[in-house]
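>>> Provided below are the primary sequence and the corresponding predicted coordinates.
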Amino acid sequence: MERLYEIFRASTGVNTDSRTVSPGQLFFALKGENFDGNAYALKALEAGAKAAVVTEGPDWPADDARLIQVPDTLQTLKDLAAWHRNHVLGEGKHLPVIGLTGTNGKTTTKELIREVLAAKYRVTATRGNFNNDVGVPLSLLSITPDTEIAVIEMGANHPDDIAKLVCVSQPDFGLITNVGKAHLLGFGSLEGVMAAKGQLYDWISAHDGVAFVNADDPRLSEMARARSLSILPYGLATDGAQLLPLTGENPFVGIRLSDGTEVRTQLVGSYNAANVMAALAVGAYFEVPLEDAVAAIAAYVPSNNRSQLVHTAAGRNVIVDAYNANPSSMAAALDNFDAIDAACKVVLLGSMGELGAESAAEHEKIVRRLAGSAYAVYLVGEAFAAAVEMPGQAGHDGFVIPSEAKESFRVFPDSAALAAYLQVHPLPEGATVLLKGSRSQKMELVLPAL
């Protein structure tokens with residue numbers, strides 16, 4: 001590892017995609033279900049890679065010292081990242097790392113924390129949502145010697161994902177945004193999600209770290225109490241803060257703190273209030289002046305179809321939260337939409353993925369809720385179509401959609417079909433619209449029709 005680390009330090013960075021290798025980079029030949037980076041290692045060297053980490057084998061040129069053969073290239077990438085995390089600042093210096101996970105709001109919270117801390121420190125944070133077993137090591141390897149704090153986001157689709165990622169990132173501080181129903185196909189149940197996300201708390205407890213805990217959240221509070229944790233609580237109620245009113249023209253979450261300070265954001269959705277309070281709590285711990293933290297949050301503009309507000313040429317206010325969806329985030333988005341004061345409201349929802357055996361019941365819950373609303377409802381995907389039809393007109397618990405409500409739903413096979421329909425049958429001008437769905441539904445494709 002020491003030899004590999006010297007090569008890494010002399011390189012211009014790490015790359016796992018041979019198609020984008022630039023001179024001086026260290027190439028890792030990773031293997032997946034549908035690809036094998038070993039097949040492209042020599043091409044990476046031809047493109048100027050300083051060296052290539054490849055899987056051991058007899059077919060490599062014996063005289064090429066640039067080929068570094070290892071039993072497992074992904075594990076070596078993780079090992080290198082962990083080594084770098086502990087040596088990047090030099091001997092005797094420790095880099096504080098904040099580890100962050102959760103069902104919803106991970107990336108937004110990470111971005112807010114980064115912006116707040118950057119008001120005082122040099123911060124390295126996960127790029128985008130590089131939060132899996134490849135993204136986390138790459139994020140750690142992007143830490144530079146002048147970094148003062150690192151913020152590492154960790155995602156999970158399977159029961160032991162977080163346990164593996166904390167061994168790489170080795171966080172001193174932990175924050176779980178929330179725990180809800182998502183990736184049930186991999187976790188099996190909500191209890192499975194709680195156990196998986198709780199592995200971050202397990203690491204923090206075992207290594208005498210500090211956990212930032214949303215004390216307003218009963219599940220997180222329960223998870224924290226079940227472990228021996230050093231806790232820093234935060235939350236709207238916990239901190240005596242209040243949400244400011246929302247309107248269709250100004251649906252951005254605003255918060256009045258207990259001392260009267262108003263925190264303004266460019267984030268749509270009251271569910272983002274917890275994310276803002278998390279960033280303020282982290283900032284306070286690291287002694288970022290409150291006025292600087294508030295200014296950093298106000299300046300942050302979301303991207304990538306997360307909690308964005310789009311004003312269309314037809315005067316419609318579109319809340320774009322189409323990066324992903326699961327039962328908990330869908331419920332939160334609808335709760336927020338209910339609270340917005342607007343004359344004409346429309347929901348455009350795409351089906352939720354990776355719910356396994358719970359899919360039918362969870363889509364029926366959304367349909368049941370919408371059946372009692374005054375919104376115009378447009379639904380996309382097979383799961384919603386099945387929930388609206390419901391064989392025998394009765395759901396899993398006997399719920400029957402009123403015929404008048406059922407007739408008001410418009411259901412489409414995919415987002416392209418909905419977009420085509422809206423081109424011919426446009427929504428009312430001035431409408432306030434919620435656009436949300438799982439990544440697989442690509443609900444953002446509807447935007448040009450709005």
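Arrived safely, thanks for sending. Numbering: from 1, shown residues only.
>>> shaky segments in the stretch 251-400 of the chain?
Within the stretch 251-400 of the chain, the stretches with pLDDT under 70 are 390-400.
>>> how about the nearest residue to Asp202 once chain neighbours are set aside, what does it touch?
In space, and not counting its chain neighbours, Asp202 is closest to Arg227: 6.7 Å by C-beta to C-beta, 6 or more residues apart in numbering. From N, CA and C alone the C-beta is placed, and that goes for glycine too. Counting by C-beta atoms under 8 Å, 6 or more residues apart in numbering, Arg227 makes contact with 198, 201-202, 205.
>>> looking at the residues you listed, which has the most residues close by?
Using other C-beta atoms under 10 Å as the neighbour criterion, Tyr201 leads those with 26 neighbours.
>>> quick one: secondary structure of Asp202?
Secondary structure assignment for Asp202 (DSSP: H, G, I helix; E, B strand; the rest coil): helix.
>>> distance of it relative to Ala10?
37 Å (C-beta to C-beta, to the nearest Å).
>>> what do you get for Gly92?
23 Å.
>>> more neighbours, those two?
Between Gly92 and Ala10, counted using other C-beta under 10 Å, the more crowded position is Ala10 (11 against 5).
>>> does the more buried one touch Ala51 like I think?
No. In this structure Ala10 lies outside contact range of Ala51 using C-beta atoms under 8 Å: 9.3 Å.
>>> circling back to that earlier point, which of the contacts of Arg227 scores worst on pLDDT?
By pLDDT, Gly198 ranks lowest within these, coming in at 92.
>>> now, among the contacts of Arg227, which is nearest to Lys365?
Using C-beta to C-beta, Gly198 is the member of these that sits closest to Lys365, with 25.2 Å.
>>> pretty sure the closest one is in contact with Arg225, am I right?
No. The pair Gly198 / Arg225 is not scored as a contact, 11.5 Å apart, by C-beta under 8 Å.
>>> overlap of the contact sets of these two?
Joint contacts of Gly198 and Arg225 (C-beta under 8 Å, 6+ apart) do not exist.
>>> so what pairs up with Phe27 in the strands?
Per DSSP bridges, the residues bridged to Phe27 are Asn15, Ala52.
>>> mind naming the longest helix for the chain?
Secondary structure assigned by DSSP state H gives helix 73-87 as the longest helix of the chain.
>>> and the very next helix or strand once past it, which strands flank it?
Next helix or strand after helix 73-87 toward the C-terminus (DSSP states H and E): strand 97-101. Using DSSP bridges, strand 97-101 pairs in its sheet with strand 149-153 (parallel), strand 173-176 (parallel).
>>> can you say which of these is nearest to His363?
strand 173-176 (26.3 Å).
>>> pull the distance from the closest one to the chain's centre.
14 Å (C-alpha atoms, centre = their mean, to the nearest Å).
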